[in-house]
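Undergrad: Here is the input, now give the coordinates:
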Amino acid sequence: MRINARLDDEYADKLAYIQQQTNQAVTDVIKSALELYYQQLQQQQKNSFSMLTETGFIGCGEADPNLSVNYKSILRDGLKAKYDYR
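TA: Numbers count the residues shown, from 1 in each chain. This is a model prediction of the structure:
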């Protein structure tokens with residue numbers, strides 16, 4: 001894939017600095033940056049999933065199998081039973 005990007009002066013200076021410090025071509029700097037960013041996103045996703053798994057939050061509820069279809073009537077009936085004093 002070919003990438004064409006415009007950088008303002010600040011990012012152009014940062015890119016030049018990275019190139020000077022690492023002796024890498026622009027392509028290699030971009031590949032490294034993408035790899036690092038990808039790994040960070042993957043780690044965040046794993047952390048979120050593991051946190052939910054460890055706390056038992058995933059799959060912790062029981063309800064009517066048709067809840068997604070009948071939620072309004074189920075909620076209405078439940079509130080009526082709880083608050084209807086007649």
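Undergrad: For the rest of this, base every contact and every neighbour count on C-alpha atoms.
TA: Noted.
Undergrad: Buried residues in the helix or strand containing residue 51, which are they?
TA: Assigned by DSSP states H and E, residue 51 falls within helix 26-55. Applying a neighbour-count criterion of 16 or more other Cα atoms under 10 Å, one finds residue 29 buried in helix 26-55.
Undergrad: what residues does whichever helix or strand comes after that helix touch?
TA: Next along the chain after helix 26-55, taking DSSP H and E as the criterion, comes helix 67-83. By Cα atoms under 8 Å, 6 or more residues apart in numbering, no surrounding residue is in contact with helix 67-83.
Undergrad: what about helix 67-83, distance to the chain center?
TA: How far helix 67-83 lies from its chain's middle: 32 Å, per Cα atoms, centre = their mean, to the nearest Å.
Undergrad: how about it as CSV, C-alpha atoms only?
TA: Extracted C-alpha coordinates of helix 67-83, given in CSV (Å, rounded to 0.1, in the frame of the first residue of the first chain):
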residue,chain,number,x,y,z
LEU,A,67,-36.5,-10.2,26.5
SER,A,68,-35.1,-8.3,23.5
VAL,A,69,-38.5,-8.5,21.8
ASN,A,70,-40.9,-8.3,24.8
TYR,A,71,-38.9,-6.0,27.1
LYS,A,72,-41.5,-3.2,27.2
SER,A,73,-44.4,-5.5,28.3
ILE,A,74,-42.1,-7.4,30.8
LEU,A,75,-41.0,-4.1,32.3
ARG,A,76,-44.5,-2.7,32.5
ASP,A,77,-45.8,-5.9,34.2
GLY,A,78,-43.0,-5.9,36.7
LEU,A,79,-43.5,-2.2,37.6
LYS,A,80,-47.2,-2.7,37.8
ALA,A,81,-46.8,-5.7,40.2
LYS,A,82,-44.3,-3.7,42.3
TYR,A,83,-46.1,-0.4,42.5
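Undergrad: Thanks a lot, see you next time.
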